[in-house]
Structure formats: structure tokens, C-alpha cells
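# After the sequence you'll find the predicted model.
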Amino acid sequence: MLHISTRGEAPALPFTDALMTGLASDGGLYLPERFPALSHDAIAGFAGRPYAEVAEEVLGLLADGEIETQAFAAMIKDAYAGFRHPAVCPLVQLADNLFVLELFHGPTLAFKDVAMQLLGRLMDHVLAARGQRATIVGATSGDTGSAAVAAFENSSRADVFILYPHGRVSEVQRRQMTTVAAPNVHALAIEGSFDDCQAIVKALFGREDFRTEMRLSGVNSINWARVAAQAVYYFTAAVALGAPHREVAFSVPTGNFGDVLAGWVARRMGLPIAGLTIATNANDILVRSLASGRYEVTGVVPTTSPSMDIQVSSNFERLLFDAGGRDPEPVRRAMASLRQSGAFTIAPETLARIRSEFEAEAIGEAEVAGEIGTTWREAGYLLDPHTAIAVKAARTRLARDPATPVVALSTAHPAKFPDAVEAASGVRPPLPPHLADLMGRPERFTVLPNDVDAVAAFLSREARAVRGQAA
Ligand SMILES: Cc1ncc(COP(=O)(O)O)c(C=O)c1O
Ligand SMILES: N[C@@H](CCOP(=O)(O)O)C(=O)O
């Protein structure tokens with residue numbers, strides 16, 4: 001099966017090439033040319049099975065047999081063997097029909113590990129088979145970076161450069177990126193916002209010679225394989241609650257739109273999902289877009305859920321493309337307008353389709369703190385601020401439709417954001433034992449200006465130095 005770019009001007013690629021390419025050469029994002037379907041019986045058959053087995057089936061369809069079956073199964077098993085919970089992504093009930101899907105049992109305490117632990121293995125496998133080395137470049141508001149560092153720190157085939165907004169990630173997040181001694185890992189503190197970091201990454205991909213020379217690859221959710229791997233936990237969660245015999249809804253804390261898009265992919269593959277709620281913090285561009293049809297960047301507001309302090313939600317482009325009948329022309333126009341004027345208008349039919357598939361709600365800072373406090377007092381359960389946003393929006397949905405179970409995605413462990421959690425609940429969550437000494441480890445990072453040339457020069461120099469040592 002081939003994967004096509006949302007902008008229609010890049011070569012269509014099979015799964016492994018889309019995996020290694022990240023961003024398409026025309027600046028677009030890859031999507032499979034069609035979504036493979038899972039039958040009602042196949043989904044029912046997931047009940048009670050280990051996470052890795054469900055992942056093998058769902059991802060096996062999406063990877064379309066391109067990776068040899070035994071090696072693929074072994075990589076999936078290995079990726080999830082290191083998670084601290086035997087269910088990998090367990091469900092916890094908070095109230096009647098209100099559930100939390102804990103996605104933070106991987107090494108860096110955030111949902112990014114679920115896809116990234118597998119992506120690291122898949123990329124290394126492909127690079128080894130091709131006898132190649134790659135430069136991984138990623139933008140992070142805190143969690144993707146930590147997860148990428150953990151996934152690639154032992155790789156002998158990838159140099160990893162992570163750009164994060166200087167001073168705008170939590171201390172735990174920063175230290176997870178800056179305290180890793182591996183010479184192939186580089187934490188770059190950019191003097192700007194997450195959107196600036198992401199724009200630099202996309203600009204680097206846009207430099208054809210640089211991209212080829214460095215063999216650039218991406219691990220943000222612009223990489224289709226990231227989204228594909230995240231679709232798996234929608235299946236395991238829904239099936240645990242009775243799907244496909246009953247519908248389940250999901251509330252997803254949203255920034256770059258990758259996680260909620262993974263739910264949309266699961267639905268396209270046959271999972272009966274009653275609703276997908278896009279839950280945002282005060283950076284509510286998606287909520288405004290769905291309400292008005294105008295996608296308009298207004299500037300980032302810092303919040304207690306910094307991983308979602310994002311305006312340009314990259315994956316929205318995938319939805320725009322699909323909901324617009326997979327015509328790349330309006331996507332190209334929208335992205336050009338976004339570049340030139342910071343805004344674009346969604347065509348009425350496209351907007352209607354998007355509205356039929358998603359609901360959206362923005363949660364303010366006081367409500368986030370209130371939700372953390374209420375859930376702690378009433379259920380004895382500590383939410384991190386990102387998860388609190390999803391739970392709060394899930395409660396809105398339940399008030400409207402109490403009969404349908406809602407799963408709020410818990411995207412981070414509360415110990416990643418101890419200050420905000422303590423302020424809201426009075427409880428300071430401790431780091432799990434494997435990170436207990438994190439605050440005492442030496443840090444290593446480089447501060448760079450918000451400038452693509454400066455970052456490109458740094459990457460060339462460092463990658464050459466590491467490759468020189470490795471040779
Ligand atoms: C903890 C946390 N929650 C939610 C999100 C938002 O997810 P997405 O960017 O896939 O919308 C992020 C960042 O991506 C995150 O790190
Ligand atoms: N919140 C993210 C932002 C990047 O998201 P991604 O899913 O596109 O990698 C982060 O923590 O870095």
C-alpha cells in the first residue's frame with residue numbers, strides 16, 4: 001500500500017519509506033492511500049489479548065507486510081516489554097462511565113513512549129537492513145523530545161537533535177532530555193516557542209540538499225508511523241469497555257493533533273467510536289476553527305499544560321486533506337495562506353465533515369486546577385494538567401450523553417508537572433524509582449537562536465563530529 005502526501009507533489013511511498021522520510025518532500029504529510037479495515041469479529045477478537053498482540057494485528061495491516069513478520073512481532077514485543085504496567089496502557093475508572101486511559105507507563109512518563117519505543121526499533125531495523133545512518137530531528141514542547149531521546153540513546157545508526165522552547169518546558173521534561181550522556185543525542189534550547197521549533201524542523205526538511213546530505217528523518221507526529229502506532233490503544237481501550245458491541249467515546253488532550261487523529265484512524269479502520277473530543281487549553285485554535293471555520297494563529301499563551309502550548313497543529317493538515325475529498329489543491333492554498341498571513345478559511349463542506357467527526361472544547365486554567373483538585377478529593381486519583389483537560393471535557397460530554405462511556409486519554413504522569421499538580425491538589429507526586437535521581441544528574445544542552453541557519457550549521461558540525469568518532 002502506498003502513502004500519499006497531503007500536498008500532492010511528493011512521490012507516493014510504501015510504509016517503510018514513509019517511516020524513514022517523516023515529512024514529505026513537498027512539505028506535506030503522508031497518509032495511506034486507503035485505510036485498511038478490521039471486521040467486527042476481528043475487533044471482538046482483541047478482547048483479553050495482550051497489548052503487543054493487538055498492536056501486531058493493527059500495525060501489521062497498516063505496515064502492509066513490508067517488515068518481515070517475525071522481526072516485526074519481536075520488535076513490538078520488545079518495545080512494550082519495558083513498560084511498567086503489564087497491560088501497557090491500562091484503564092482506570094473515575095466515575096460512572098468515566099475512564100482514564102493511562103498512557104504514561106513507558107520510560108519517560110508520557111504517551112509519546114507508546115509510539116516512540118516502537119519507532120526507534122523500526123527505524124534502527126530499516127537503517128541496519130539498508131546499511132545507512134540517519135539524522136533524526138524533532139521539535140518538542142517537552143514530551144516528544146524526552147521520548148525520542150529514550151528511544152534512540154542506544155542507537156548506533158541515528159544522531160538525534162531535539163529542539164525545545166528555552167525556558168518553556170517543565171524541569172522534569174528538560175532534564176529528561178539534557179541529562180542523557182549518549183554522544184548521538186543533542187538537546188537544543190531554542191529562543192522561541194514550540195511553534196518556532198516546529199517551523200525550523202519543517203524548514204530543514206525543506207532544504208533539499210541538506211535533507212539528502214544529512215539523511216534527515218523525523219519523529220514528530222508528522223511521521224505517519226507515529227500516528228499509526230498511537231491508533232492501537234484506541235482499540236485496546238474500546239474493546240475493554242465492550243466494543244465493538246457498544247460504542248465508546250474518547251476525550252483527547254490536544255496540541256499538535258496527532259493523538260486525536262490516531263483515534264480518527266482507528267475509527268476509519270472500523271472501531272465504533274461514538275465521539276472524539278478535541279480538548280485544548282487556552283491555546284484554543286482548533287476549538288475556534290471548528291466553531292468559525294477560520295484557522296487563525298493568535299500567539300501562544302503559556303499554561304500549566306505546556307506540552308499543549310501550541311498554535312500550529314500540524315496534523316490538522318491530514319484531516320483537512322481527507323475531509324476535503326483528498327484534493328491536495330485546497331490544502332496547498334491553505335498552507336500557503338497560513339505561511340503568509342497566519343490564517344486560512346476552511347471550505348464549508350470540509351468544515352461540515354470535520355464537525356461531524358469531532359467535538360472541541362477549551363479548558364481554562366482555573367478549570368484545570370479545579371479538575372485536578374476535584375478528582376483527587378472525589379476519586380483519590382492524581383491527574384496531570386494535560387489529563388485534567390481531557391477529564392474536564394469528558395465530563396461535559398457525559399452531561400450530554402451519560403449512557404456512552406467516555407475514555408479520557410491520560411497523556412502524562414503527574415510527576416512530570418509536580419508544581420502545577422501540587423498547587424491544585426496539595427499533593428506533590430514523586431518521580432518513579434527509575435527517575436528518582438533525575439534532579440541531581442548533570443545537564444548538557446546548547447542554546448541557539450530562533451534561526452534555521454544557526455540550527456542547520458550546528459547539526460552539520462555535530463553530526464560530522466559524531467560520525468567521525470564512530471568511523
Ligand atoms: C502530555 C501531553 N498531552 C497532550 C499532548 C497533545 O498531543 P498531540 O500533540 O498529539 O495533540 C502532548 C503533546 O503532544 C503532550 O505532551
Ligand atoms: N506536545 C508535543 C509536541 C510535539 O508533538 P508531536 O506529537 O507532533 O511530536 C511534545 O511534547 O513535544
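Done, it's in. Ligands and ions are numbered 1, 2, ... in the order given.

# which other residues reach the worst-scoring helix or strand of the chain on mean pLDDT?
Least confident element among the helices and strands of the chain, by mean pLDDT, DSSP states H and E: helix 452-470 (a mean of 85). Contacts to helix 452-470, defined as C-beta atoms under 8 Å, 6 or more residues apart in numbering, come from residues 133, 135, 137, 156, 159, 161, 163, 183-184, 186, 188, 190, 200, 203-204, 207, 210, 213-214, 446, 448. C-betas here are computed from N, CA, C, even on glycine.

# What subset of the residues you listed is buried?
133, 135, 137, 159, 161, 163, 184, 186, 188, 190, 200, 203-204, 210, 214, 448 (16 or more other C-beta atoms under 10 Å).

# tell me which parts of the protein are close to ligand 2?
140-145, 220-221, 255-256, 258, 307 (C-beta under 6 Å from any ligand atom).

# By neighbour count, which of those residues wins?
residue 145 (31 neighbours; other C-beta atoms under 10 Å).

# Report the contact partners of it.
So residue 145 contacts 138, 162-164, 169, 173, 176-177, 187 (C-beta under 8 Å, 6+ apart).

# What distance do you get for it to residue 208?
Distance, residue 145 to residue 208, by C-beta to C-beta, to the nearest Å: 26 Å.

# Can you get me the start-to-end distance on stretch 397-412?
End-to-end distance of stretch 397-412 (C-alpha to C-alpha, to the nearest Å): 22 Å.

# Now do the buried residues in it.
Result for stretch 397-412 [16+ other C-beta under 10 Å]: buried residues 397-398, 404-412.

# Columns distance to residue 375 on top of these, output as JSON lines?
JSON lines is the format used below for the buried residues of stretch 397-412 (distance: C-beta to C-beta, whole Å):
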{"residue": "397", "distance to residue 375": "16"}
{"residue": "398", "distance to residue 375": "14"}
{"residue": "404", "distance to residue 375": "20"}
{"residue": "405", "distance to residue 375": "17"}
{"residue": "406", "distance to residue 375": "14"}
{"residue": "407", "distance to residue 375": "15"}
{"residue": "408", "distance to residue 375": "10"}
{"residue": "409", "distance to residue 375": "15"}
{"residue": "410", "distance to residue 375": "11"}
{"residue": "411", "distance to residue 375": "15"}
{"residue": "412", "distance to residue 375": "15"}
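
# Which single one of the contacts of residue 145 is nearest to ligand 1?
Top of the list for closeness to ligand 1, among the contacts of residue 145 and by C-beta to the nearest ligand atom, is residue 173 at 8.5 Å.

# and the helix or strand harbouring that closest one, anywhere near ligand 1?
If you go by DSSP states H and E, residue 173 is part of helix 171-178. No. Interface with ligand 1: helix 171-178 contributes nothing (C-beta under 6 Å from any ligand atom), its closest point being 8.5 Å away.

# what does that helix contact?
With C-beta under 8 Å, 6+ apart as the criterion, helix 171-178 contacts 108-109, 140, 142-143, 145-146, 149-150, 162, 164, 187, 306-307, 415-418, 431, 435, 438-439, 441, 443-445.

# which residue does the stretch 301-450 of the chain bring closest to ligand 2?
Closest to ligand 2 within the stretch 301-450 of the chain is residue 307: 3.9 Å, counting by C-beta to the nearest ligand atom.

# Report whether the expected contact of that residue with residue 147 is present.
No. Counting by C-beta atoms under 8 Å, residue 307 does not reach residue 147; the two are 11.2 Å apart.

# residues bridging contact with the two, i.e. touching both?
Common neighbours of residue 307 and residue 147, using C-beta under 8 Å, 6+ apart, are residue 110.

# Surely residue 328 touches residue 31?
No. The pair residue 328 / residue 31 is not scored as a contact, 10.9 Å apart, by C-beta under 8 Å.

# Which of those two has more residues huddled nearby?
residue 31 (23 against 18).

# one step back: which SSE is immediately downstream of the helix holding residue 173?
Helix 171-178 is succeeded, C-terminally, by strand 185-190 (DSSP H and E).

# Just the CA trace of that next one, in CSV.
The C-alpha coordinates for strand 185-190 follow below in CSV (Å, rounded to 0.1, in the frame of the first residue of the first chain):
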residue,chain,number,x,y,z
VAL,A,185,21.9,12.8,21.4
HIS,A,186,21.7,16.6,21.3
ALA,A,187,19.3,18.9,23.2
LEU,A,188,18.9,22.3,21.6
ALA,A,189,17.2,25.1,23.6
ILE,A,190,15.7,27.4,21.0
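
# Within its sheet, name the partner strands of it and how each one runs.
strand 158-165 (parallel), strand 446-448 (parallel) (DSSP bridges).

# quick one: the helices in the stretch 51-200 of the chain?
For the stretch 51-200 of the chain, applying DSSP state H, counting those that start in this stretch gives helices covering 51-63, 69-81, 112-130, 143-152, 171-178, 194-206.

# right, so those helices: which one is the most enclosed?
helix 143-152 (a mean of 28; mean count of other C-beta atoms under 10 Å).

# pLDDT averaged over that one, what's the number?
Mean pLDDT, helix 143-152: 97.

# Show me what from the protein comes close to ligand 1.
So far as C-beta under 6 Å from any ligand atom goes, the chain lies against ligand 1 at 110, 141, 143, 221, 253-259, 307-308, 386, 411-412.

# Just the ones in helices from those, please.
143, 258-259, 386 (DSSP state H).

# Quick one: low-confidence residue ranges for the protein.
467-471 (pLDDT under 70).
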